[in-house]
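# Just a sequence and a predicted model for now, questions to come.
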Amino acid sequence: MIELDAVAGAFELLTSDASAWLLLIPGLLVGLVFGAMPGISITMAMAFALPATLYMDFLPAIIFLTAIYTGAGFGGSVPAVLMNIPGTSSALATTFDGYPMARAGRHNEALGVALASSVLGCLGSYLVLFVVIGPVAGLVLKLGPLEMFAVAVWGMLLLGSLAGTYMARGLLAGAFGVLLGTIGFNSAGFVRGTMGVPWLLDGVPQIPAMMGLLAASQLIALVNTTYIISDESARKISFSKTLAGLRLALQYPKIILRGSAIGVIIGSIPGVGSSISNLLSYSETRRNSDDPDSFGQGNPQGVIAAEAANSSSEGGAMGTMLALGIPGGGATAILLAAFAMHNIVGGPSFIANNKDIVYALIFSNFAQAILLLFVGLGFVYFASYIVRVPLRFLIPSVLVVSNFGAYAIEGSAAGPITLWIFAILGWAMARYGYPVAAAVVGLLLGSLLESNLLRTYQISGGDYLTYAAERPAALVVFGLMILSIALQSISKRRRARKLAEAVRK
Amino acid sequence: MSILPNRRVVWGHLALVTVIVGITIAYIFDARGVSTRATNLLLIQPLAVLIVILAAFVLPGIFPPVTSDEAKMHDGETRMDLARALGIIVALGVLAFTLERIGFDIATFGFMVVTLAICGERRWWVNLGFSAIFTVALIYGYGAITPFPFPLTVL
């Protein structure tokens, strides 16, 4: 599995070129700052830095970009925890418990937990990549539309578990989100639901919609509040509490391991990636918890699960990109563009001929993850000061920055208008007990579900059962899904019985 | 006499569900107008039916018993509290639609002044000063790190 000659070559490459190391900290800082800014995605941060790598050598250029990738991956969790704004879809599940923790005055701890989980998730994923880069390449090639559909349905099932007090409202929010996610061109070429608006042809702009549903709606709801954290004594910025958060994350190695495994596997599937892995990991952790009702109320285990999965997706996505030359998402697409800028073609032939460079990239990412711990600690300390800003200043400022971000992502007023519409929808949904997160998940998965169902329909000629019987991988995913639902229902029944017994006593 | 004795109508909730069902029906009619082939309606038609069914299940929450928690959910909220939230929504809409027309600088400054006032900043010199400094810092700061040119009028 591991080729020792290539490993020795990788060490030689890394020790002979100081510039590769000098770019690590600047790359992490660029990623952290950009990732923490609402509306600026990992992809945008990397795209912004891409021209700067043109005159670098190949290895330092890729290392610089992967450092931005790593930094921005964690940077996105800072606004997710402090302001309920997931800068990217991969930080969505972090908001579920990170923001309630912040509102309860546990922002230092939440950021510490997120940082430790990110670092460990990232380290774990590259460790896995180091060992299984070869076999992963073969496995990913075998995934067809039915398997992708199965994974997306699995993601959809999270809607049930994410639903709050009212099941019907959770499902309605999720189903409506999926419907909105299918607006525009479908993969068969039909244009639906655009109402003649040209920018809806490509679908509802996802990031502005997410920002509107989760962040702007929350800010509108806070208009009659003075501070994010009501209790003045809880607004303190404490380095020791951040460190306590780091230690707290270490108490849940099982959640980190599970999150990392989910992150690597899902992250390696092109087009799915970290946006689903953080939700799957969150849902699995909640399902396995003794106290699932505490999730969404500020349970640090939720933050650990989400962050371990989204940061480990980086390793999975890098694996697919290096092994197959297929970008799993925007960030790896930029990396492939950087490969092309240096006249290098990614894919199986690159791995076969340049194993030393691949291992050098993996080792450099180990170093990035460890450095992220220290650079990130300093960063979150300063970022935490946001909880001391009165909301009357914070609400207009964050709304304006979100609008700028939405405009920058779309390059037109389509972004701010989408943000506004979804802010109203999110505000109304939250006001009447609908889980807004379910609508967001639906919106993210809508087009993925439809395109994969369509491809399965086209390939199978409508005979799904015969086709499914020929796809053992899809059957395994469906089997796991059914098992997961059954276990969830058993554990729910067990909890209800325990509760009934406790009441009788 | 009330049609539903001992029940209350939560008008905001009714409006939300009406919007969801209305958009769903409009969407499915539009989609069916484009084509009735399976490759067009495979997912969205069953989904639209599911949404309408789920909306029916939500109805008891729109007309809750007057004594239920649901009916009393927003009892502590004053008209002014609601007006503030609606004021922010209107200001956000004006910002979104005017950013390109009147320039990001003027639209941002105007939005900041109005929303700071709505959020409770009563000192006019603080409001104007913060709005002006924030607008300038944001225009130059954000403009420097994003590749898109923001249309400006003054700055």
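Great, that's in hand.
# Could I get the full set of strands for the stretch 151-300 of chain A?
A:184-185, A:191-192 (DSSP state E, counting those that start in this stretch).
# Could you point out which of the ones you listed sits nearest chain B?
Each of the strands of the stretch 151-300 of chain A was scored for nearness to chain B using Cβ to the nearest Cβ, and the closest is strand A:191-192 (4.0 Å). For glycine as for every other residue, the C-beta is placed from the backbone atoms N, C-alpha and C.
# Quickly check: that closest one near chain B or not.
Yes: applying Cβ under 8 Å from any Cβ of the partner chain, one finds strand A:191-192 in contact with chain B at A:Val191, A:Arg192.
# Return the list of helices and strands in contact with that strand.
Applying 3 or more Cβ pairs under 8 Å, 6 or more residues apart in numbering or on different chains; DSSP states H and E, one finds that strand A:191-192 contacts strand A:184-185, helix B:11-34.
# let's go with 7 Å and repeat that
Where contact means 3 or more Cβ pairs under 7 Å, 6 or more residues apart in numbering or on different chains; DSSP states H and E, strand A:191-192 is packed against helix B:11-34.
# Give me the buried positions along the helix or strand of chain B with the lowest mean pLDDT.
Lowest by mean pLDDT, DSSP states H and E among the helices and strands of chain B is helix B:69-72, with a mean of 76. Neighbour-count burial for helix B:69-72, counted by 16 or more other Cβ atoms under 10 Å in any protein chain shown, picks out B:Glu70, B:Ala71.
# what are the C-alpha coordinates of the helix or strand following that helix, in PDB please?
With elements assigned by DSSP states H and E, the helix or strand that comes after helix B:69-72 is helix B:79-102. Extracted as PDB, the C-alpha positions of helix B:79-102 are listed here (Å, rounded to 0.1, in the frame of the first residue of the first chain):
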ATOM      1  CA  ARG B  79     -46.600  45.500  18.200                       C
ATOM      2  CA  MET B  80     -43.400  47.700  18.400                       C
ATOM      3  CA  ASP B  81     -41.300  44.500  18.600                       C
ATOM      4  CA  LEU B  82     -42.900  43.100  15.500                       C
ATOM      5  CA  ALA B  83     -42.700  46.500  13.700                       C
ATOM      6  CA  ARG B  84     -38.900  46.600  14.300                       C
ATOM      7  CA  ALA B  85     -38.400  43.200  12.700                       C
ATOM      8  CA  LEU B  86     -40.600  44.200   9.800                       C
ATOM      9  CA  GLY B  87     -38.700  47.500   9.500                       C
ATOM     10  CA  ILE B  88     -35.400  45.500   9.200                       C
ATOM     11  CA  ILE B  89     -36.900  43.300   6.500                       C
ATOM     12  CA  VAL B  90     -38.100  46.300   4.500                       C
ATOM     13  CA  ALA B  91     -34.700  48.000   4.900                       C
ATOM     14  CA  LEU B  92     -32.900  44.800   3.800                       C
ATOM     15  CA  GLY B  93     -35.200  44.600   0.700                       C
ATOM     16  CA  VAL B  94     -34.500  48.200  -0.200                       C
ATOM     17  CA  LEU B  95     -30.800  47.600   0.200                       C
ATOM     18  CA  ALA B  96     -30.900  44.500  -2.100                       C
ATOM     19  CA  PHE B  97     -32.800  46.200  -4.800                       C
ATOM     20  CA  THR B  98     -30.900  49.500  -4.800                       C
ATOM     21  CA  LEU B  99     -27.200  48.400  -4.300                       C
ATOM     22  CA  GLU B 100     -26.600  48.400  -8.100                       C
ATOM     23  CA  ARG B 101     -28.800  51.400  -8.900                       C
ATOM     24  CA  ILE B 102     -27.700  54.000  -6.400                       C
END
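# Please see if helix B:79-102 touches chain A.
Yes: counting by Cβ under 7 Å from any Cβ of the partner chain, chain A is contacted by helix B:79-102 at B:Asp81, B:Arg84, B:Ala85, B:Ile88, B:Ile89, B:Leu92, B:Gly93, B:Leu95, B:Ala96, B:Phe97, B:Leu99, B:Glu100.
# tell me which of these is nearest to chain A?
B:Ala96 (3.8 Å).
# wouldn't that closest one be in contact with A:Ala414 here?
No: look at B:Ala96 against A:Ala414 with Cβ atoms under 7 Å: they stay out of range, at 9.7 Å.
# Between these two, which is the more surrounded one?
Between B:Ala96 and A:Ala414, B:Ala96 has the larger neighbour count (other Cβ atoms under 10 Å in any protein chain shown), namely 26 against 21.
# burial of the nearest residue to that one once chain neighbours are set aside, as a residue count?
Setting aside the residues directly before and after it, B:Ala96 is nearest to A:Pro416 in space (Cβ to Cβ, 6 or more residues apart in numbering or on different chains), at 3.8 Å. The criterion is other Cβ under 10 Å. On that basis, A:Pro416 has 29 neighbouring residues.
# quick one, what contacts A:Pro416?
Applying Cβ atoms under 7 Å, 6 or more residues apart in numbering or on different chains to A:Pro416 gives the contacts A:Asn403, A:Ala406, A:Tyr407, B:Leu95, B:Ala96, B:Leu99.
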